[in-house]
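Asker: A structural model of the following input is requested.
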Amino acid sequence: MISLLLKIPKSIICKIHLLSLRNRLYHLGESTQLPLSTKIEFPQNIYIGDNVSLGRMSWLAANPLTGLSCSLKIGKGSYIGNFAHIYATQKIEIGNDVLMADKVYISDNLHSFDKINIAIINQPIKQLKEVYIGDGSWIGENVCIIGASVGKQSVIGANSVVSKDIPDFCVAVGAPAKIIKRYSFEKQAWLRTDAQGEFL
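Answerer: Below you'll find the model as predicted:
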């Protein structure tokens, strides 16, 4: 039996895999690529648009640990790199045509650590703000986005930790991430700013 399975072309296995996911996910768009190595929890709460490409060994979850409802949405045309970890307990929404490098972590929650006499692993999940990643944004390698949103057409530099909202048309870097540039429509250029996004 195993020898017969090994003879099945990988393309056929991938098609069967996508058909199975289509029946379990809330929505799976056309021409979307989800590798066999993708880990998916609570697929009924996950919406994936058309022409989405997901890298290897990624983990998507929409687990209502902090309430009755939860959703994870990935908009059309988005590319998510290898080893992504996107874990919603309330709501995470990734816009259209978003580009993400490898090893990006996004969550709208974290473990509580208020009680010093209880191991953190045994403390409840704390719900943070809903997370929105705007259309056309670019999220660099190893970025963590935790309970914060990123505006449209914005760039988050590699290794940054986003814990506060980043507006539209901004470049932010660092841990915690701070704005360093913003697009000036008046001058048609990316110009340096202070951490509040005001032009220097």
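
Asker: Longest strand of this protein, counting residues only.
Answerer: In the chain, with assignment by DSSP state E, the single longest strand is strand 178-184.

Asker: what comes up buried for the longest helix anywhere in the chain?
Answerer: If you go by DSSP state H, the chain has its longest helix at helix 10-24. Using 16 or more other Cβ atoms under 10 Å as the test for burial, helix 10-24 gives Leu21. (Each C-beta comes from the backbone N, C-alpha and C, glycine too.)

Asker: so after that helix, what's the next helix or strand?
Answerer: Later in the chain than helix 10-24, the nearest helix or strand by DSSP states H and E is strand 27-28.

Asker: Can you name every helix or strand that whichever helix or strand comes after that next one contacts?
Answerer: Counting by DSSP H and E, the next helix or strand C-terminal to strand 27-28 is strand 39-41. Helices and strands touching strand 39-41, by 3 or more Cβ pairs under 8 Å, 6 or more residues apart in numbering; DSSP states H and E, are strand 59-62.

Asker: The strand it packs on pairs with which strands, parallel or anti?
Answerer: Strand 59-62 pairs in its sheet with strand 39-41 (parallel), strand 85-88 (parallel), by DSSP bridges.

Asker: Run through who's touching it.
Answerer: With contacts defined as Cβ atoms under 8 Å, 6 or more residues apart in numbering, strand 59-62 is touched by 38-42, 45-46, 54, 70-72, 84-88, 92.

Asker: Please repeat the previous calculation with a cut-off of 7 Å.
Answerer: 38-42, 45-46, 70-72, 85-88 (Cβ atoms under 7 Å, 6 or more residues apart in numbering).

Asker: and Ile116, that's in a helix?
Answerer: No - counting by DSSP: H, G, I helix; E, B strand; the rest coil, Ile116 is not part of a helix but coil.

Asker: So it versus Ser53, what's the distance?
Answerer: Applying Cβ to Cβ, to the nearest Å, the value for Ile116 to Ser53 is 44 Å.

Asker: Equivalent analysis for Cys70, please.
Answerer: In terms of Cβ to Cβ, Cys70 sits 24 Å off from Ser53.

Asker: again with Ile94
Answerer: The value you get for Ile94 to Ser53, if Cβ to Cβ is used, is 13 Å.

Asker: Could you check which of those two is surrounded by more residues?
Answerer: The neighbour comparison of Ile94 against Ser53 (other Cβ atoms under 10 Å) goes to Ile94, with 25 against 14.

Asker: My read is that the more buried one contacts Gly77, right?
Answerer: No - under the criterion of Cβ atoms under 7 Å, Ile94 is not in contact with Gly77, lying 10.8 Å apart.
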